[in-house]
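>>> what shape does this take:
(chains A and B)
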Amino acid sequence: MATPGQLMFARRLGPTARLFIWLLVGVSCVVADSHYHALDGLRSGFSLLLRPMRVAMRAPGDVASELGGFLVRHRQLQRERDALLVERARLAVSANAARELARENTELRALLQLQNRPGQQIVHAALLYKGHDWFAQRITLDEGAGAGLRSGLPVVDASGLVGQVSRVYPKASDVMLVSSPQQLTPVFVERTGQRGLAAGSGQGQMELRYMPAQTDIRPGDRLLTSGIDRVYPAGIPVANVTRVSRSQSSPYLRVECLPLVGLDRSRAVLVLVSEPQITRPQEPRP
Amino acid sequence: MNTATQPAGSWRRILGTLVLAVLLEQLPWSGWMLAIRPDFVLVGLLFWTLHQPARMGFGIAFFLGLVADFQDGAVFGQHAMAYVVGAYLVLYLRLRLLQFEPLRQAMQLFPVLLSVQLVVLLIGWLAVNPPAGLAMLLPVLSSTVLWYGIAGFLRVLHGKGMQDRA
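Next up is the predicted model:
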């Protein structure tokens, strides 16, 4: 305890008593937040308060990259433009093919009287902030409820699945990464079609759980979302298998994977907003 | 540097440094820079608890901890409790800490910063899930270095007068 005459905080209570009071307040905060989600309003408040600061502190970096972009050599720009034109032509051809397939698919589905799949709408968002990844891996985006985001929506970038929106604030949102511990993603192996469950294992890694020992899987296999959870659309690349090992004690294989998205590289991501699916009873046809 | 003669200036300085610390944490840190980022807010809080204990309190420590919780997307109360413990430890060791020159002061502060981080670790472990690795102890080292930098800078700026500022 502080010696008499050094009780700088104390009016009535000593520092130790005050410490315990604040620790009690802290424990009740933890319980209220983790078990009852009672402090979401406070979170939104902090989000609104800190957002201008985050945007302001990003500005120098943005200006620097603008200036860097301005000083790019003309020749390099031309080369990039040529490459992009070629890429666009290639994509246009495959887009035509895809449109044709989609039309055919709708007709076939109508013929089979299957329900139509929900449409997808894309919201662009920039990566605003990355927090410490000690317990869960999260990033903060600069779009929120105002852009129609909801908790649970999938987030992708050009190379694959990034994660799932976990918290939504008015003008920002938190994304739980696929590599976050306890984040489960239903996947299938692209080469064999074998379904499985990929879970984050922390430190930017993932593992494929509950694969029986005789499963045909090897390093280099690509995992895509299977879509059976109705959260992620099917066929989004998730991870590459890096190591497969057999353990003596467990009947399952130990399959380690590396997510495809590079969070240190990508600055902008896409959020897939699906239209809410209306399940109405089928009308009896005459 | 006598605080009794310029209370308003001192308030402004405390508020200014704490806001600066919060702003520094808003920078888009990533990769290994993020891993070794010192805890600016904690260092600022402990610094002012050491030098201006009458103006700082557990309430301010708790609030700054809530900001840090939001910052890392952690459960509310995790850093708040840890910061309160840190402020308490600094108060407890205050007379001892004030005797030392910057380097030894930073060395003495290392266990305090370490115990703050261990409280964060413990609460996270109990409330959320096991942490991924011990990389979370890296900021303790960088915070100690930051403390040494600040204390050394102030020593150069004000001569040897830091001891009698309290």
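>>> quick check: pLDDT value at residue 100.
Went with chain A since none was named. Residue A:100 is assigned 92 on the pLDDT scale.
>>> to clarify, I was referring to chain B.
Residue B:100 carries a pLDDT value of 88.
>>> next up, the contacts around it.
Residues near residue B:100 by CB atoms under 8 Å, 6 or more residues apart in numbering or on different chains: residue B:108. C-beta here means a position set from N, CA and C on the backbone, and glycine is covered the same way.
>>> for residue A:107, same thing?
Taking CB under 8 Å, 6+ apart as the definition, residue A:107 has no contacts.
>>> next, it: phi, psi?
Backbone torsions for residue A:107, taken as degrees, to the nearest 10, come to phi -60, psi -40.
>>> could you do residue B:37 as well?
Dihedral angles of residue B:37 (phi, psi; degrees, to the nearest 10) stand at phi -60, psi 120.
>>> need the three-state assignment for the residue lying closest to it once chain neighbours are set aside.
Ranked by CB to CB, 6 or more residues apart in numbering or on different chains and with sequence neighbours excluded, the top spatial neighbour of residue B:37 is residue B:29, at 5.3 Å. At residue B:29 the chain is in coil, as set by DSSP: H, G, I helix; E, B strand; the rest coil.
>>> my read: residue B:29 touches residue B:38, true?
No: counting by CB atoms under 8 Å, residue B:29 sits too far from residue B:38 to count as a contact (10.8 Å).
>>> which of these two has more neighbours?
Each of residue B:29 and residue B:38 has its neighbours counted (other CB atoms under 10 Å in any protein chain shown); residue B:38 has more, 22 against 17.
>>> next up, the contacts around that one.
With CB under 8 Å, 6+ apart, residue B:38 has these contacts: B:139, B:142-143, B:145-146.
>>> which element is it on?
Remark: residue B:38 resides in no helix or strand, with elements defined by DSSP states H and E.
>>> where does it land on pLDDT?
91.
>>> how about it, phi and psi?
Torsion angles at residue B:38 (phi, psi; degrees, to the nearest 10) stand at phi -70, psi 160.
>>> before we move on, what about residue B:52?
With angles defined as degrees, to the nearest 10, residue B:52 sits at phi -130, psi 60.
>>> neighbours around it, how many?
17.
>>> helices or strands up against the one helix or strand residue A:198 maps to?
Counting by DSSP H and E, the element that carries residue A:198 is strand A:195-202. Judged by 3 or more CB pairs under 8 Å, 6 or more residues apart in numbering or on different chains; DSSP states H and E, the packing partners of strand A:195-202 are strand A:184-189, strand A:205-212.
>>> ranking the ones you listed by burial, who's on top?
Among those, the stretch with the highest mean neighbour count (mean count of other CB atoms under 10 Å in any protein chain shown) is strand A:184-189, at a mean of 22.
>>> which helix or strand in chain A has the lowest average pLDDT?
Within chain A, no helix or strand scores below strand A:120-130, which has a mean of 77 by mean pLDDT, DSSP states H and E.
>>> show me what counts as buried in the helix-or-strand element of chain B with minimal mean pLDDT.
In chain B, the helix or strand scored least confidently by mean pLDDT, DSSP H and E is helix B:31-35, which has a mean of 78. Neighbour-count burial for helix B:31-35, with 16 or more other CB atoms under 10 Å in any protein chain shown as criterion, is recorded at residue B:34.
>>> distance from the chain centre to stretch A:194-207, please.
Relative to its parent chain, stretch A:194-207 has a centroid offset of 14 Å by CA atoms, centre = their mean, to the nearest Å.
>>> quick one: end-to-end distance for that stretch.
15 Å (CA to CA, to the nearest Å).
>>> in it, what counts as buried?
A:194, A:196, A:198-202, A:204-207.
>>> quick one: contacts of the least confident helix or strand of chain B?
Contacts for helix B:31-35 (CB under 8 Å, 6+ apart): A:130, A:132, A:264, B:135, B:138.
>>> need the residues of the stretch 101-250 of chain A near chain B, please.
A:128-136, A:138, A:140, A:167, A:174, A:181-182, A:201-203 (CB under 8 Å from any CB of the partner chain).
>>> give me the buried entries from these.
If we count by 16+ other CB under 10 Å, these have these buried: A:128-136, A:138, A:140, A:167, A:174, A:181, A:201-202.
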